[in-house]
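Novice: Would you be able to build a 3D model of this:
(one chain, ligands or ions: 1)
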Amino acid sequence: MVCRLAGRSAPHKLRSGGSTRIRCHGSASIRGPVGARACHVNDVVAIRPPQRGLPRSPLPNLRDMPREELAAWMAAHVPGPAFRTTQVFEWLHARRAAGPESMTNLPKADRQRLAALASFDRLRVDTVQRAADGTRKLRLRGAAGDPFEAVLIPNDRRGYTLCVSSMVGCSLTCRFCATATLGFIRNLATWEIVEQVYQAQDLLAAEAVADGSPDGQVWAPRIVNLVFMGMGEPLHNYVQLKRALAILMDEHGAAIAGRRITVSSSGLVPAIERFGREGLAREVGLAISLNATTDEVRDRIMPINTRWNIATLLDTVRHMPAPGRRHVTFEYVLLADVNDSDADAARLATLVGGFDCHVNVIPFNPHPGTPLRRPDDARIVGFVDRCRAAGLQVHVRMPRGDDIAAACGQLALEASA
Ligand code: SAH
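Specialist: The predicted structure is shown next:
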């Protein structure tokens, strides 16, 4: 049973076949400043990756395979010279071909075999909502037909940032996050993760064509940053995430530089260790959603903290293999009267001051039903000033696309009803 801040009656969907669940220590309760209705929580926290929910299709989707896997598949099913794999990979991931019929540099017989033995499904774009600030929210449907979202955000200087989802719903129960109210529906497959990038890039290309230009040239803006901060906990879907990153960074695919990719985690310690051990931490950025400076508060707003507390989490990040490790970001959702005091700012500086990091303060983005509040501007400035005075590098992430519920923590498929 999970307590909903909003008092919603929707059943909690966090069911995870094969995953171990534990009860939180004691009975956390959310009261006082966090919620007018005191609500006692007998939370369950999934401590192993949810097993449920990779869509199965009768034929393997070739967009699901990193290049080495594709090479092995090709060798077994469409044997030919090794460069054939690179050609197919380029068609799928650099040119975003609909299927083998357009792969004109392949022999006809190979194209026929590919068509018979593999699937080339792409995501379907259900709706695109556009916010006043230019942010677009794409509602997408994948193999199972259930919708999820990706958010395209114009950068101040150049290109776009895409906020990518890793699950339909989320396996976690963070109190401030709208996605958590959906529960865990399923993991996204590798191809459903990479396709979010391709669909968003296709949207930019289509918009550029529609807008035209006086000299007849069409320049579609590019997606230059990826943040895994959409729906879901990316490190709970580790295997698909890792394969998707390999595809997205591949020089024969979208070729997105690892330094322009950030994976955000709520603090799944074993997966963060694996992220370091398997070298991902050297390739892409890691953001940790810290969001509180005491275990008492973090237990209440992020029940995962009852499994891996602040000290354990920070220790894990501290001990990730150092050589070449990319810079760490700590995210801090600022909640009025919950974690926004001067004492919090001072504790935050003590906790993360020793890291080569910067802190992203995200003023809370409200969503229907939540009793949580964003601090007023004076408190946000006061908190940030205190952090900076204590030596932290702080960036305040102001909401983007909040008029279409596309800002951090607002993704909850409200339009899908
Ligand atoms: N599960 C991952 C990624 C998804 S959330 C994680 O926890 O990091 C991405 C970021 O948005 C996290 O830092 C999270 O703390 C923040 N966030 C979630 N809900 C929010 C809200 N309502 N307002 C502001 N930030 C929010």
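Novice: Could you pull up the residues touching the closest residue to the ligand within the stretch 301-417 of the chain?
Specialist: The nearest approach of the stretch 301-417 of the chain to the ligand comes at Gly409, 1.9 Å away (C-beta to the nearest ligand atom). Just so you know, the C-beta spots here come from the backbone N, C-alpha and C atoms, and that holds for glycine as well. Going by C-beta atoms under 8 Å, 6 or more residues apart in numbering, Gly409 touches Phe176, Cys177, Ala178, Thr179, Val333, Ile362, Phe364, Asn365, His367.
Novice: Do I have it right that Met398 meets Pro363?
Specialist: Yes - Met398 is within contact range of Pro363, at 7.1 Å (criterion: C-beta atoms under 8 Å).
Novice: ok, these two, which is more surrounded?
Specialist: The residue with more neighbours, out of Met398 and Pro363, is Pro363; 25 against 13, by other C-beta atoms under 10 Å.
Novice: So what pairs up with that one in the strands?
Specialist: Leu334 (DSSP bridges).
Novice: Spatially nearest residue to the residue of the stretch 301-417 of the chain closest to the ligand (excluding sequence neighbours)?
Specialist: Cys177 (4.5 Å; C-beta to C-beta, 6 or more residues apart in numbering).
Novice: swap in Pro375?
Specialist: Using C-beta to C-beta, 6+ apart, the closest residue to Pro375 is Ala336 (4.3 Å).
Novice: could you measure the one you found against Trp308, distance?
Specialist: 26 Å (C-beta to C-beta, to the nearest Å).
Novice: ok, now which ones touch Cys174?
Specialist: Per C-beta under 8 Å, 6+ apart, neighbours of Cys174: Ala180, Ser266, Ser289, Asn291, Ile301, Met302, Pro303, Ile304.
Novice: one step back: secondary structure class for the residue of the stretch 301-417 of the chain closest to the ligand?
Specialist: Following DSSP: H, G, I helix; E, B strand; the rest coil, Gly409 is assigned to coil.
Novice: pretty sure Arg95 belongs to a helix, no?
Specialist: No - counting by three-state DSSP, Arg95 is not found in a helix; it is coil.
Novice: Which pLDDT value belongs to it?
Specialist: According to the prediction, Arg95 has pLDDT 95.
Novice: same check, this time on the one 5 residues further on
Specialist: pLDDT for Pro100: 97.
Novice: Quick one: neighbours of Val396, just the number.
Specialist: So Val396, with other C-beta under 10 Å, has 15 neighbours.
Novice: any idea how far the residue nearest to it when sequence neighbours are not counted is from Cys174?
Specialist: In space, and not counting its chain neighbours, Val396 is closest to Val361: 4.9 Å by C-beta to C-beta, 6+ apart. Distance of Val361 to Cys174, given as C-beta to C-beta: 17 Å.
Novice: One more: Val239?
Specialist: Taking C-beta to C-beta, one finds Val239 at 23 Å from Cys174.
Novice: now Ala132
Specialist: Ala132 is 27 Å from Cys174, by C-beta to C-beta.
Novice: try Arg141
Specialist: From Arg141 to Cys174 the distance is 25 Å (C-beta to C-beta).
Novice: For the helix or strand the residue nearest to Val396 falls within, name the packing helices and strands.
Specialist: For Val361, the element it lies in under DSSP states H and E is strand 357-363. Secondary-structure packing of strand 357-363 (3 or more C-beta pairs under 8 Å, 6 or more residues apart in numbering; DSSP states H and E): strand 328-334, helix 377-389, strand 394-396.
Novice: Are there helices or strands packed against the lengthiest helix in the chain, and which ones?
Specialist: Using DSSP state H, we find that the single longest helix of the chain is helix 190-211. Contacts defined by 3+ C-beta pairs under 8 Å, 6+ apart place helix 190-211 against strand 124-130, strand 136-141, strand 147-154, strand 160-163, strand 223-228, helix 238-249.
Novice: what's the spacing between it and its chain's center?
Specialist: 17 Å (C-alpha atoms, centre = their mean, to the nearest Å).
Novice: likewise stretch 62-76?
Specialist: The answer for stretch 62-76 is 25 Å, by C-alpha atoms, centre = their mean.
Novice: Pull out the buried residues from that stretch.
Specialist: Neighbour counts using 16 or more other C-beta atoms under 10 Å place Leu62, Arg63, Asp64, Met65, Pro66, Arg67, Glu69, Leu70, Ala71, Trp73, Met74 of stretch 62-76 among the buried residues.
Novice: Serialize those residues to JSON lines and add fields for pLDDT and secondary structure.
Specialist: Formatted as JSON lines, the buried residues of stretch 62-76 follow (pLDDT from 0 to 100; DSSP: H, G, I helix; E, B strand; the rest coil):
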{"residue": "Leu62", "pLDDT": "97", "secondary structure": "helix"}
{"residue": "Arg63", "pLDDT": "97", "secondary structure": "helix"}
{"residue": "Asp64", "pLDDT": "96", "secondary structure": "helix"}
{"residue": "Met65", "pLDDT": "97", "secondary structure": "coil"}
{"residue": "Pro66", "pLDDT": "98", "secondary structure": "coil"}
{"residue": "Arg67", "pLDDT": "98", "secondary structure": "helix"}
{"residue": "Glu69", "pLDDT": "97", "secondary structure": "helix"}
{"residue": "Leu70", "pLDDT": "98", "secondary structure": "helix"}
{"residue": "Ala71", "pLDDT": "98", "secondary structure": "helix"}
{"residue": "Trp73", "pLDDT": "98", "secondary structure": "helix"}
{"residue": "Met74", "pLDDT": "98", "secondary structure": "helix"}
